[in-house]
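J.: Sequence and predicted structure below; questions after.
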Amino acid sequence: MIRGFHHAALSTADVDRCVDFYTRVLGCEVAWTFGWPAGTPAADEVTGLRNSSARAAMLKLGPTHLEIFEFSSPVPKAVHGDRPACDHGITHICLEVEDIHGEYERLRKAGMRFHCPPQAQDTGWVTYGRDCDGNIVELLQFGG
C-alpha cells in the first residue's frame, strides 16, 4: 500500500548554494546530509549510474521533504535552469502558504524571481517563481 509522497529531489551544480536558498529564503530545515564516494556499489545500484559520487542534503518543510544532490561523478550534463513549465519532467514544486501576497513580497525582496504577482483563481491565489537554479516554485494560497 502506498502511504503518500515523502519527498521530491533535485540535482544541482552547487548543493551548498541550493541548500542556502531553500533554508534561508524558503524556510526549510536541514533534516540530514549524506553522500558517498566513487566506487560505492550500493549507490551505483540504486541510482543506475556507474562510479557515482555525490553530496546531498534532505530538507524538511512541514511534513514533506526535498532532497538535493550534487553529483561529482559521473559528470552531470548542464541543463538550462529556466526551462519552460511545459517541457517533460518535473514542472514545479508547490508550497502552500497562508499570506501569498506577503510571501511574494518577502521572497521577491530576497532575490527570488517571479513570473508574475499572485493571480486570483477559483480556489484562491497562485504564482510561479524560480529557485536559485531556475526551477519553478509555485506559491499557492487556498481561499481569499
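T.: Received the coordinates, thanks.

J.: per-domain residue ranges of the protein.
T.: With automatic domain parsing serving as the domain definition, the record reports that the chain contains domains spanning 7-73, 93-142.

J.: residues touching the residue lying closest to residue 99 once chain neighbours are set aside, list them.
T.: Counting by C-beta to C-beta, 6 or more residues apart in numbering, the nearest residue to residue 99 once its immediate chain neighbours are dropped is residue 141, at 7.3 Å. All C-beta spots, glycine's among them, are computed from the backbone N, C-alpha and C. The neighbourhood of residue 141, defined by C-beta atoms under 8 Å, 6 or more residues apart in numbering, consists of 96-100, 118, 124-126.

J.: Pull out the buried members of those.
T.: Taking 16 or more other C-beta atoms under 10 Å as the criterion, what is buried in the contacts of residue 141 is 97, 100, 118, 125-126.

J.: Strands - which of the residues you listed land there?
T.: The strands in this structure, assigned by DSSP state E, contain 125-126 from the buried ones among the contacts of residue 141.

J.: Of the buried ones among the contacts of residue 141, which is the nearest to residue 81?
T.: Closest approach to residue 81 among the buried ones among the contacts of residue 141 (C-beta to C-beta): residue 126, at 21.3 Å.

J.: for the buried ones among the contacts of residue 141, which one is nearest residue 89?
T.: Of all those, the one sitting nearest residue 89 is residue 126; the distance, using C-beta to C-beta, is 20.6 Å.

J.: what's the model's confidence in the longest helix anywhere in the chain, averaged?
T.: Across the chain, the longest stretch assigned as helix under DSSP state H is helix 100-109. When the per-residue pLDDT values of helix 100-109 are averaged, the result is 97.
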